[in-house]
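In: One predicted model, sequence on top.
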Number of protein chains: 2
Amino acid sequence: MISILLLGYGNVGQHLHRAMQGVTGVTVQQIYNRSFVENIETPQTQKLSDITEADVYIIAVPDDVIGDFSAKLPFRNKLVVHTSGGAHMEVLSNANRRGVFYPLQTFSKNTEVNFSTIPICVEAENKDDLKLLKKLGSSISKNVTEISSEEREQLHVAAVFINNFTNHLYHIAETISAKNKMEFDLLKPLIAETAKKIETLSPSQAQTGPAKRNDTKTIEKHLKLLEGSVYRELYEKLTESIKKSESFDTT
Amino acid sequence: MISILLLGYGNVGQHLHRAMQGVTGVTVQQIYNRSFVENIETPQTQKLSDITEADVYIIAVPDDVIGDFSAKLPFRNKLVVHTSGGAHMEVLSNANRRGVFYPLQTFSKNTEVNFSTIPICVEAENKDDLKLLKKLGSSISKNVTEISSEEREQLHVAAVFINNFTNHLYHIAETISAKNKMEFDLLKPLIAETAKKIETLSPSQAQTGPAKRNDTKTIEKHLKLLEGSVYRELYEKLTESIKKSESFDTT
């Protein structure tokens, strides 16, 4: 049995808790959170001094406070991991054995996710801890990979492009629809299909549109339609980038 | 029975053909294409002079040749529509009754799509033709909407953002993965979830990440990791745009 102590109960903490509940061989024995958490049966505390013993301490707090938080833990030589894509393993205090347990996914409150397909990226300072994190990862996901802090940093940049930036493009499309009194719903099947294509085609194969086929007439027309829009420059930059990217990527 | 003559057999033509096959009340009676099409049972011709009579002539050729192509059709006063998001209805020759039958989706060869959820945007010069196009649309999709050429132009710009540009962001992520010898597959669940979120949340609600939370430290780190990359400027521009977009969209 792997016993887990969950430190922090934001989006990631809650989703991990839910994913680990009822899993054979894993028990979330206590949750620490600054404020009281309603509607959970797992024992909880708001005091660091009340934290009990566990095999893995999972820190799920904002990136910029991981270091300070880990330094306040009132014990030594335990396995303490964070769950962040953006933070190096070594931001954790070296009073304990350090590791990372990073689920590569976007989590929102009230949105269920299927953990079994989420890649869990693990890292640890020593082999036994790595083995334990892999075992823990495998108990909730079919997709567990060892990733170094350096690789994870790059992965996080890539994730910003496909999640944060992509979502912003959705937002721009919604803004254009709204300004022209059209339903954003009209565009939703296209959003779904654009993502779905990537399951079977590489993005290069799937690339279409005026920039790809160098259709200057359509590009000019679109730039004219975007006259005065704050999104005009992005249209230009993204178009340029698509045009150039074939030569980019072979260099 | 609505009889259809399909003019052009590229991606859109093929997908429309497949969608209309076996649909009650619709028959694709002939296909015109410049070159011979293998493996279809529908009668076909390579000569415009051999085109037979039909209720709706659907032009599915590249945007920049729609006008010229429509002017070559050897008949008058028939209903001729194009299938393009980017072209005005009036690029069609006025020798015939003009209309638009635009399936708002991205089509690739060998990728099956479920037409029933694809929005079909229709437009026509006269009421009876509009009614016929709506009926035809409804026979293959649950989602038929009347959209003017002006609205369709805006919709097409929005579609470029969520399809062409989004796919380019996938490509950038793939490039970053490859450069760091990581599998792009690791990022695919995140791509899927990012698109799926939009079914229940607005893009503004779904927005997360360093730009959204104004996490300057992470942004600086990412820009440093992208030093020397051709994609660094896009990271900057997209980050700026997210930061500003709340104030943008309320003005």
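Out: Cool, the structure landed.

In: Please name the residues that touch A:Ile172.
Out: Contacts for A:Ile172 (Cβ atoms under 8 Å, 6 or more residues apart in numbering or on different chains) come out as A:Tyr231, A:Leu234, B:Ala158, B:Phe161, B:Ser241. To be clear about C-beta, it is placed using only N, CA and C from the backbone, and glycine gets the same treatment.

In: Mind picking the two most distant members of the residues you listed?
Out: The most widely separated members of the contacts of A:Ile172, counting by Cβ to Cβ, are B:Ala158 and B:Ser241 (15.3 Å).

In: so which of the contacts of A:Ile172 is the most crowded?
Out: B:Ala158 (27 neighbours; other Cβ atoms under 10 Å in any protein chain shown).

In: list the helices and strands the longest helix along chain A packs on?
Out: Secondary structure of chain A read by DSSP state H shows that its longest helix is helix A:232-250. The contact analysis (3 or more Cβ pairs under 8 Å, 6 or more residues apart in numbering or on different chains; DSSP states H and E) places helix A:232-250 against helix A:216-225, helix B:166-179, helix B:232-250.

In: what's the pLDDT at A:Lys109?
Out: Note on A:Lys109: pLDDT of 78.

In: Shouldn't A:Glu112 be within a strand?
Out: No: counting by DSSP: H, G, I helix; E, B strand; the rest coil, A:Glu112 is located in no strand; its state is coil.

In: How far off centre is the lowest-mean-pLDDT helix or strand in chain A?
Out: Ranked by mean pLDDT, DSSP states H and E, the helix or strand of chain A with the weakest confidence is helix A:232-250, at a mean of 84. Mean-position distance between helix A:232-250 and its chain equals 26 Å (Cα atoms, centre = their mean, to the nearest Å).

In: Restrict that helix to CA atoms and write it as CSV.
Out: Taking C-alpha atoms only, helix A:232-250 is exported to CSV below (Å, rounded to 0.1, in the frame of the first residue of the first chain):
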residue,chain,number,x,y,z
ARG,A,232,-4.8,42.0,-36.7
GLU,A,233,-1.1,41.8,-35.7
LEU,A,234,-1.5,38.2,-34.5
TYR,A,235,-3.1,37.2,-37.8
GLU,A,236,-0.1,38.7,-39.6
LYS,A,237,2.5,37.0,-37.3
LEU,A,238,0.9,33.6,-37.4
THR,A,239,0.5,33.8,-41.2
GLU,A,240,4.2,34.7,-41.5
SER,A,241,5.2,31.9,-39.2
ILE,A,242,3.2,29.3,-41.2
LYS,A,243,4.7,30.5,-44.4
LYS,A,244,8.2,30.3,-43.1
SER,A,245,7.9,27.2,-41.0
GLU,A,246,8.7,24.7,-43.8
SER,A,247,12.1,26.2,-44.2
PHE,A,248,12.5,26.7,-40.5
ASP,A,249,12.0,23.1,-39.5
THR,A,250,14.5,21.6,-42.0
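
In: In it, which of the residues would be classed as buried?
Out: A:Leu234, A:Tyr235, A:Lys237, A:Leu238, A:Thr239, A:Ser241, A:Ile242, A:Ser245 (16 or more other Cβ atoms under 10 Å in any protein chain shown).

In: what sits against the first one?
Out: The reference is to A:Leu234. A:Leu234 sits in contact with A:Ile172, B:Lys237, B:Leu238, B:Ser241, where contact means Cβ under 8 Å, 6+ apart.

In: these two touch, right, the last one and A:Arg232?
Out: No: B:Ser241 sits out of contact with A:Arg232 when judged by Cβ atoms under 8 Å, with a separation of 10.9 Å.

In: Just list whatever residues bridge to the residue lying closest to A:Thr52 once chain neighbours are set aside.
Out: Nearest in space to A:Thr52, with sequence neighbours left out and distances taken as Cβ to Cβ, 6 or more residues apart in numbering or on different chains, is A:Gln30 at 5.3 Å. Here A:Gln30 sits in beta bridges with A:Leu5, going by DSSP bridges.

In: Hmm, A:Gln30 is touching A:Lys47, no?
Out: No: under the criterion of Cβ under 8 Å, A:Gln30 makes no contact with A:Lys47, lying 11.4 Å away.

In: Between the two, which has more neighbouring residues?
Out: A:Gln30 (20 against 9).

In: State the distance from the more buried one to chain B.
Out: According to Cβ to the nearest Cβ, to the nearest Å, A:Gln30 and chain B sit 28 Å apart.

In: can you list the domains in chain A?
Out: A:2-147, A:152-250 (automatic domain parsing).

In: Make TSV from these and add distance to B:Ala211 to it.
Out: What follows is the domains of chain A, written out as TSV (distance: least, Cβ to Cβ, whole Å):
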stretch	distance to B:Ala211
domain A:2-147	13
domain A:152-250	6
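
In: Could you point out which of these sits nearest B:Thr145?
Out: Per Cβ to Cβ, nearest to B:Thr145 of these: domain A:152-250, 6.6 Å.

In: Now do that closest one: distance to the chain's middle.
Out: 21 Å.

In: And for stretch A:17-27?
Out: Relative to the chain's own centre, stretch A:17-27 is displaced by 20 Å; criterion: Cα atoms, centre = their mean.

In: Sort out which residues of that stretch are buried, please.
Out: A:His17, A:Ala19, A:Met20, A:Val26, A:Thr27.

In: Need the pLDDT of the last one.
Out: A:Thr27 is assigned 97 on the pLDDT scale.

In: quick one: the residue lying closest to it once chain neighbours are set aside from A:Pro74, how far?
Out: Once flanking residues are discounted, A:Thr27 sits nearest to A:Ser3: 5.4 Å by Cβ to Cβ, 6+ apart. Distance of A:Ser3 to A:Pro74, computed by Cβ to Cβ, to the nearest Å: 17 Å.
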